[in-house]
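Sharing a model that was predicted from the sequence below.
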Amino acid sequence: MRPLDRYSRQTIFQEIGEEGQLKLLQSKVAVIGMGALGTVIANNLCRAGVGYLRLVDRDYVELSNLQRQTLYNEQDAADQMPKAVAAVKHLEKINSEIQIEAVLKDVNSGNVESILDGMDLVVDGTDNLETRLLINDACLKNNIPWVHGAALAGSGLTMNIIPGQTPCLRCLHPELPAPGSHPTCSTAGVLGMITGIIGCLESTEAIKILIGSPRINRKLCVVNIWYNQFTYLDIEQNPRCLACVEHKFEYLNSVKGSYTVSLCGRDSIQVIPAKAGDIDFQTMAEKLKNLGTVKYNPFTLNFSASNSNLEITLFQDGRAIIKNVKDDQTAKSAYAEYIGL
Amino acid sequence: MIYLDNAATSWPKPECVYEAVNRAMREWGGNPGRSGHKMSLAAGKVLEETRLLLARLFNADNPERIIFTLNATEAINLGLKGILQPGDHLVTGSMEHNSVSRPVEALKEMGITVTKVKTSPLTGINPVDVENAIQENTRMVVLNHASNVTGTLNPIAEIGDICRRHGVVFLVDAAQTAGIVPIDVQKMNISLLAFPGHKGLFGPQGVGGLYIAEDLCLNPLKQGGTGSESKSLLQPLFSPDRYESGTPNMPGIAGLGAGVRFILEQGIDRIRHKEHLLMTKLLSGLHNISRIIVFGPDTPEKRAAVVSIQIKGMDSLEAAMILDQAFEIAVRAGLHCAPDAHRTLGTLENGTIRISLSYYNSEEEIDILLQAVAAIAGQS
């Protein structure tokens, strides 16, 4: 067999051709977040023959992931495999001719640039806006195109961000929403089909960008599969965008962004969201009631997760004490999962 | 914001402190004691003035026995490690801050034996117990002047007298009392007095000091340039140069000098009186709220301007966060870096909520705090 034969169905497709395939084989792509979106994206890019994949996630496979995170199986959950490691293990059996690297890290302002170093493209598989705005800063600064995607309940969206050519994510979100003001996959649920669709759209765009196709999408694509909507919206660059116009990378330089403080004694960490909110405990209790025990009084809302010993004490301004966690990142992840960052 | 975390660092500072820090950087910007030009001389003058003011505040005869450090912790480390040798015995208390407890633990590894005398949260350490703990090879007694958790004052003068009679070095951690409670190193027979610049003395953070009695020569923690005896590769023997290698924190020292001058002008008795007044109001108010446990002495005379409480059945960290975010009141909760003290109090698990006052707090602020504590205790 000739080297490119395994990609014949893709090279026969004229828009890609052998020339495009060779470009893919020489490309390096980072997938940030190996959940529902990330597994679909990594699977597509691996099979399509992207030469080098860097899969970034520090989480472990759990049974409740299998409904939508298509690379993992029950054995991975039983073994509590790190997602990035499990993904590499499965993908290597699918395509042994490319290089795949597992990075077991949470992306933060300190490490994002080294994680993205040497990459031709970044694809978004994350679960929170704050990390996305950080990736946005790092990619703009280092002139790396990236594909943004997100999904929740039955809907999702995606857009391409090509530095110097398109608007960026901060044009859409000049400021973070107030903490706890928007639902998360834990509180609102998510269908495996929508993450599949958004992940496929993201990986298609990734391939187009890598081969330099003139057909790349320059709009914001919004999909709702339950209410039968598929829309492409025009987006405009914010002429005063701090990130892509003024090159003030506030998330990368940690001027913005949530942070944590360890509290003196015990395994308690305070998470301080980037922006103070005004949380309505009744609404929040409603969101959390199926995930554990919730109690609240005028000052605090106390949540104990039913599937672990995690406890969250949430205050009205959005700050929270996360109990029974060992490190800052676990505290922040718990906040992102249950309250939303 | 009502700021009641003055035991961690005082805020606000007197206006003259902000001005002095600013002027140290804009006008007195030279490196003190290094060059002969006017700007270096101006910095040197401020440095020596601050020494003089501190000597006056603590009644030390010779300002050159006051040396500057990064903070009280560094001063305590210098006091302990500069004196103690393997085979020596050390006496300390059971209500100490980690600034004492941790270096003491490290000294044990180096062959120094330690007796921790049980200390009462209500009356402080008993001088008789200290005297009984002194052995033939006892080289030093190290104690706080006041607990950073309960504010309980130790009978420093009595213990100083015991140390003098037994020829034992007496190191006092004045983190919670310098600038708040009168200290006289001569009358109290204190051989080493470690103090922070940024608490009761109203200086900026990052500066503290150690008073070293005339008859003591310590091994310095570090060696380096002093601007003196520069031909020699050996560290000078004389104070303060022996202990102050490298460029000092001039903006910090200038601010500290202004803070001490403010205290001397106001009078420490007046400062103490104001804090007594506030503490009396606070203690009686707390006793009238149900479900509040107050730790430490009942009367302000027996404590520094610090009080620790718990709300029965409530996590201290949560209570402090409610005070912060719902009532705009800053207090500290948790273990206050003093696990030995919490072991003594039996509060190692939940910690305490610590309210610490300053000359700048008002009676109205105490009223607002009491109302907030009552509201939280009534809700949870």
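Arrived safely, thanks for sending.

Pass me the low-pLDDT residue ranges in the chain, would you?
As the question left the chain open, I've gone with chain A. Applying pLDDT under 70 to chain A picks out residues A:1, A:255-256, A:264-266.

The chain in question should be chain B.
By pLDDT under 70, the low-scoring segments of chain B are B:380.

Show me what from it comes close to chain A.
B:315, B:317-318, B:321-322, B:325-326, B:333-337, B:348, B:351, B:376, B:379-380 (Cβ under 8 Å from any Cβ of the partner chain). For the C-beta atoms, the positions are set from N, CA and C on the backbone; glycine is no exception.

Show me which of those are buried.
Among the residues of chain B next to chain A, the ones that count as buried by 16 or more other Cβ atoms under 10 Å in any protein chain shown are B:315, B:317-318, B:321-322, B:325-326, B:333-337, B:351, B:376, B:380.

Would you state the helices of chain B in chain order?
Counting by DSSP state H, chain B has helices at residues B:15-26, B:38-58, B:72-81, B:98-109, B:127-133, B:156-166, B:250-266, B:268-287, B:316-327, B:339-345, B:363-379.

Pick out the residue in the stretch 201-350 of chain B sitting closest to chain A.
B:Gly334 (3.2 Å; Cβ to the nearest Cβ).

if we can go back for a sec, closest one to B:Leu234 among the helices of chain B?
helix B:72-81 (18.6 Å; Cβ to Cβ).

what's that closest one packed up against?
Contacts defined by 3 or more Cβ pairs under 8 Å, 6 or more residues apart in numbering or on different chains; DSSP states H and E place helix B:72-81 against helix B:98-109, strand B:138-144, strand B:169-173, strand B:192-196, strand B:208-212.

which other residues reach that helix?
Applying Cβ atoms under 8 Å, 6 or more residues apart in numbering or on different chains, the contact partners of helix B:72-81 are B:69, B:90, B:99-100, B:103-104, B:107, B:140, B:142, B:171, B:173-175, B:192, B:194-196, B:208-210, B:218-221, B:243.

What subset of these is buried?
For these, buried by 16+ other Cβ under 10 Å: B:69, B:90, B:99-100, B:103-104, B:107, B:140, B:142, B:171, B:173-175, B:192, B:194-196, B:208-210, B:218, B:220, B:243.

where do the helices sit along the stretch 51-200 of chain A?
Using DSSP state H, counting those that start in this stretch, the helices found in the stretch 51-200 of chain A span residues A:74-78, A:83-94, A:112-116, A:129-141, A:169-172, A:185-188, A:192-211.

Next, format the ones you listed as CSV and append distance to A:Val123 and mean neighbour count.
Output for these, formatted as CSV (distance: least, Cβ to Cβ, whole Å; neighbours: other Cβ atoms under 10 Å in any protein chain shown):
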stretch, distance to A:Val123, mean neighbour count
helix A:74-78, 22, 14
helix A:83-94, 13, 19
helix A:112-116, 11, 18
helix A:129-141, 10, 24
helix A:169-172, 13, 22
helix A:185-188, 18, 18
helix A:192-211, 5, 22
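
Compare those and report which one is nearest to B:Phe202.
Taking the helices of the stretch 51-200 of chain A one by one with Cβ to Cβ, helix A:129-141 is closest: 38.9 Å.

Show me what that closest one is packed up against.
Counting by 3+ Cβ pairs under 8 Å, 6+ apart, helix A:129-141 packs on helix A:112-116, strand A:121-124, strand A:146-152, strand A:155-161, helix A:169-172.

these two touch, right, A:Ala42 and A:Ala30?
No - here A:Ala42 does not reach A:Ala30: they are 10.3 Å apart, not a contact under Cβ atoms under 8 Å.

near chain B, which residues of chain A show up?
A:263-265, A:268, A:270, A:297-300, A:313, A:315-317, A:319, A:321.

By neighbour count, which of the residues you listed wins?
Greatest neighbour count in these, by other Cβ atoms under 10 Å in any protein chain shown, goes to A:Thr300: 26 neighbours.

so what's it up against?
Taking Cβ under 8 Å, 6+ apart, one finds A:Thr313, A:Leu314, A:Phe315, B:Glu318, B:Met321, B:Ile322 in contact with A:Thr300.

again, 6 Å this time
Shown in contact with A:Thr300 (Cβ atoms under 6 Å, 6 or more residues apart in numbering or on different chains): A:Thr313, A:Phe315.

any idea how far it lies from B:Leu335?
Distance, A:Thr300 to B:Leu335, using Cβ to Cβ, to the nearest Å: 21 Å.

what do you get for B:Arg23?
Per Cβ to Cβ, B:Arg23 is found 39 Å from B:Leu335.

cool, and A:Glu19?
Distance from A:Glu19 to B:Leu335, by Cβ to Cβ: 66 Å.

where exactly do the strands run in chain A?
Counting by DSSP state E, chain A has strands at residues A:28-32, A:52-56, A:99-103, A:121-124, A:146-152, A:155-161, A:220-224, A:229-233, A:259-262, A:268-272, A:292-296, A:300-305, A:311-315, A:320-323.

Can you tell me which of these is nearest to A:Asp76?
strand A:99-103 (13.1 Å).

Show me how far that closest one is from its chain's centre.
Averaging C-alpha positions (Cα atoms, centre = their mean, to the nearest Å) puts strand A:99-103 17 Å from its chain's average.

Show me which residues of that strand are buried.
Of the residues in strand A:99-103, A:Ile100, A:Ala102, A:Val103 count as buried by neighbour count, 16+ other Cβ under 10 Å.

what's the answer for stretch B:281-292, then?
B:Lys281, B:Leu282, B:Leu283, B:Gly285, B:Leu286, B:Ile289, B:Ile292.

Please enumerate residues in contact with it?
Taking Cβ under 6 Å, 6+ apart as the rule, stretch B:281-292 contacts B:Val294, B:Ile309, B:Ile311, B:Lys312, B:Ile366, B:Leu370, B:Val373, B:Ala374, B:Ala377.

Could you do stretch B:180-199 as well?
Contacts for stretch B:180-199 (Cβ under 6 Å, 6+ apart): B:9-10, B:58-60, B:71-72, B:75-76, B:79, B:156-157, B:160-161, B:164, B:169-175, B:178, B:200, B:203-205, B:207-211, B:213, B:256, B:268, B:304-305.

start to end distance for it?
Taking Cα to Cα, to the nearest Å, stretch B:180-199 runs 9 Å from one end to the other.

got it, and stretch B:188-198?
First-to-last residue span, stretch B:188-198, Cα to Cα: 23 Å.

ditto for stretch A:262-281
Per Cα to Cα, stretch A:262-281 runs 24 Å from first to last residue.

what sits against the residue lying closest to B:Gly124 once chain neighbours are set aside?
Leaving aside its sequence neighbours, B:Gly124 sits nearest to B:Asn154 (Cβ to Cβ, 6 or more residues apart in numbering or on different chains; 4.1 Å). Taking Cβ under 6 Å, 6+ apart as the contact definition, B:Asn154 lies against B:Gly124, B:Ile125, B:Leu143.

again, 10 Å this time
Contact analysis of B:Asn154 by Cβ atoms under 10 Å, 6 or more residues apart in numbering or on different chains lists B:93, B:95, B:119-120, B:123-127, B:130, B:143-147, B:172-173, B:177.

before we move on, what about B:Gly259?
Contacts of B:Gly259 (Cβ under 10 Å, 6+ apart): B:10, B:13-14, B:16-17, B:20, B:50, B:53, B:179, B:197-204, B:207.

Chain A - how does it break down into domains?
In the domain annotation for chain A, the residue ranges read A:5-233, A:259-338 (automatic domain parsing).

My read is that B:Ser316 contacts B:Ile376, right?
No - assessed by Cβ atoms under 10 Å, B:Ser316 is found out of contact with B:Ile376, at 11.2 Å.
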